[in-house]
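1. need a structure here:
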Amino acid sequence: MAAMPRATSLLLNVAHAIDHLMLLIFATAVVAIAPEFGLSRWEDLMPYAAGAFLLFGIGSLPSGRLGDLWGRRVMMLIFFFGIGAASILASFTQSPLQLAAALVLLGAFASIYHPVGIPMLVERAERPGFVIGVNGFAGNLGIAAAAVITGALVKWVGWRAAFAVPGLVSIACGVLFAMVTPRETEPPSKRGKKAAASLSPSELARAFAVMTAAAITGSLLFNFTTNGNGPLLAERLDGIVVDPAVLGALLAGVYVIGSLAQLVVGRLIDRVALKPLYLSIVAAQVPILLLASHAQGWAFYLLLVMTMVLVFGAIPFADAMIVRYVDDRMRSRVSGMRLAVSFGVSSAAVWALGPVVKAAGFGTLLTVMAVVAAGTALVVLWLPAERRAQPVAA
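-> I've put the predicted structure just below:
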């Protein structure tokens, strides 16, 4: 296969940034939105975003199937235009229920990217681990951008602009994507590219079970942190930093530094076995989260940076396992099944975040996250050893 046009690769990475940015606008702006909708505490509004993350998860199943059967280019066009329109719609809402409905629609379109965009990006890659690492870095830059852009727009223009401006950018990217990306000659389901590693059917089922279970726990940590870090940082730096724009910049710095871990992990994935590398990263999360549960001030900020380095560093493994173990003709469907389960279950973290913090505080939440990280490590221990696929004799 010919190399993918650079403009297409760039836009696929930009799409990952847009995907995560859109999903976190609400979490970043919730403190400003709540009073306008007549709520005195942001925690009471937070559960209204749960539907977006539920659709983000369960929508991955049909999105992945359509990506393999229809083609990935057309599904990415639906992503760009759909998520942009949904975000603009959210900017016009007048009540919590209206906003929740718009966020559900946004989550449905956001579900397209991971099972479609990432397989499209790696389908011609010679070093898929590094490509996944760069893509993860781009996605996390979207998380950082959500902290900076949303914080700035909320402060100087208003929370509605925080939804409308990224929506317009996404639609513009969709127009560019349509212009620079060649039409597919056949859908992925009719291709014959084999997986890089050879596993027996039972080992493949075991690997899928591990990647799904680990993705569930990893997604729980991801949702707890990315949706809760804004209020958490404000609480732990109370009296030290109070300006929302400065807090947003500090949080963006956390995400940028954490994102660099994905570039390192991406390179390592192409060179070493997945299991020991994955296990070492998730096991290290446990003590850092326990220390963070008791820390305050700048000591907490340092631990938050370390936490996000480890949380983001674990992200590339699920996609790397799919690339290594699954044929290209069905990668979007397998990815969609895995994401539907993991993101669907982990959407409970968004629903529970506000009530848990309101009832028990962030210290308890961080302790729970340490227990979840320990569960991830136990799951990864069950991952089978891999063997490189043997070339077929001519």
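2. Point me to the helix or strand that includes Ala162.
-> Following DSSP states H and E, one finds Ala162 within helix 159-180.
3. what's that helix packed up against?
-> For helix 159-180, the elements it packs on are helix 6-36, helix 72-90, helix 151-156, judged by 3 or more C-beta pairs under 8 Å, 6 or more residues apart in numbering; DSSP states H and E. Just so you know, the C-beta spots here come from the backbone N, C-alpha and C atoms, and that holds for glycine as well.
4. could you give the angle of the first one to helix 159-180?
-> Angular relation of helix 6-36 and helix 159-180 on a 0 to 180 degree scale: 160 degrees, by axes from the mean of the first three to the mean of the last three C-alpha atoms, to 10 degrees.
5. mind listing what's buried in helix 6-36?
-> 8-9, 11-34 (16 or more other C-beta atoms under 10 Å).
6. Then the shortest one?
-> Buried residues in helix 151-156, counting neighbours by 16+ other C-beta under 10 Å, are found at 151-154.
7. Next, format those as CSV and append distance to Phe81.
-> Shown next, in CSV, are the buried residues of helix 151-156 (distance: C-beta to C-beta, whole Å):
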residue, distance to Phe81
Gly151, 27
Ala152, 26
Leu153, 22
Val154, 25
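8. Dump the helices and strands packed on helix 159-180 into TSV; add distance to Glu235 and mean pLDDT as well.
-> TSV is the format used below for those (distance: least, C-beta to C-beta, whole Å; pLDDT from 0 to 100):
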stretch	distance to Glu235	mean pLDDT
helix 6-36	12	92
helix 72-90	26	96
helix 151-156	16	86
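9. Which parts of the stretch 151-300 of the chain are strands?
-> Using DSSP state E, counting those that start in this stretch, the strands of the stretch 151-300 of the chain run over residues 197-198.
10. residues in contact with Leu310?
-> Counting by C-beta atoms under 8 Å, 6 or more residues apart in numbering, Leu310 makes contact with 261, 281-282, 284-285, 288.
11. try 6 Å this time
-> 281, 284-285 (C-beta atoms under 6 Å, 6 or more residues apart in numbering).
12. which stretches of this protein have low pLDDT?
-> Residue ranges of the chain with pLDDT under 70: 1-3, 191-200, 385-394.
13. quick check: longest helix of the protein.
-> As assigned by DSSP state H, the longest helix anywhere in the chain is helix 201-236.
14. ok and it relative to helix 6-36, angle-wise?
-> Using the same axes, to 10 degrees: helix 201-236 against helix 6-36 is 50 degrees.
15. Just the buried positions in helix 201-236, please.
-> 203-204, 207-208, 210-234, 236.
16. can you check stretch 64-75 too?
-> 64-68, 70-75.
17. out of those residues, what pair is the most spread apart?
-> Arg65 and Arg73 (15.8 Å; C-beta to C-beta).
18. re the thing from before, and the buried residues of helix 151-156, which is closest to Val169?
-> Leu153 (12.2 Å).
19. Ala162 is in contact with the closest one, correct?
-> Yes - using C-beta atoms under 6 Å, Leu153 is in contact with Ala162, at 4.2 Å.
20. follow-up on the earlier one: hmm, who's touching the helix holding Ala162?
-> 7-8, 11, 14, 18, 21, 25, 29, 32-33, 77, 80-81, 83-84, 87-88, 90-91, 150, 153-154.
21. Does Val254 touch Val305 like I think?
-> Yes - between Val254 and Val305 there is a contact under C-beta under 6 Å: 5.3 Å.
22. okay, the two: which has more neighbours?
-> Val254 (24 against 17; other C-beta atoms under 10 Å).
23. what residues are up against the more buried one?
-> Counting by C-beta under 6 Å, 6+ apart, Val254 makes contact with 304-305, 308.
24. got CSV for these, with secondary structure too?
-> CSV is the format used below for the contacts of Val254 (DSSP: H, G, I helix; E, B strand; the rest coil):
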residue, secondary structure
Leu304, helix
Val305, helix
Met308, helix
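25. possible to save the residues you listed as a markdown table with distance to Tyr48?
-> As requested, the contacts of Val254 are arranged in a markdown table below (distance: C-beta to C-beta, whole Å):
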| residue | distance to Tyr48 |
| --- | --- |
| Leu304 | 26 |
| Val305 | 30 |
| Met308 | 25 |
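26. separation between Phe163 and Asp238?
-> Relative to Asp238, Phe163 is positioned 28 Å away (C-beta to C-beta, to the nearest Å).
27. For those two, indicate the residue with more neighbours.
-> Neighbours per residue, other C-beta under 10 Å: of Phe163 and Asp238, the larger number sits with Phe163, 28 against 11.
28. For the closest residue in space to the more buried one that isn't next to it in sequence, give me the backbone phi and psi.
-> Nearest residue to Phe163, sequence neighbours excluded (C-beta to C-beta, 6 or more residues apart in numbering): Ser91, at 3.9 Å. Backbone torsions for Ser91, taken as degrees, to the nearest 10, come to phi -70, psi -20.
29. Ala370 - nearest residue in space that isn't next to it in sequence?
-> Leu289 (3.9 Å).
30. right, and Ala34 touches Trp42 too?
-> Yes - with contacts counted by C-beta under 6 Å, Ala34 reaches Trp42, the gap being 4.8 Å.
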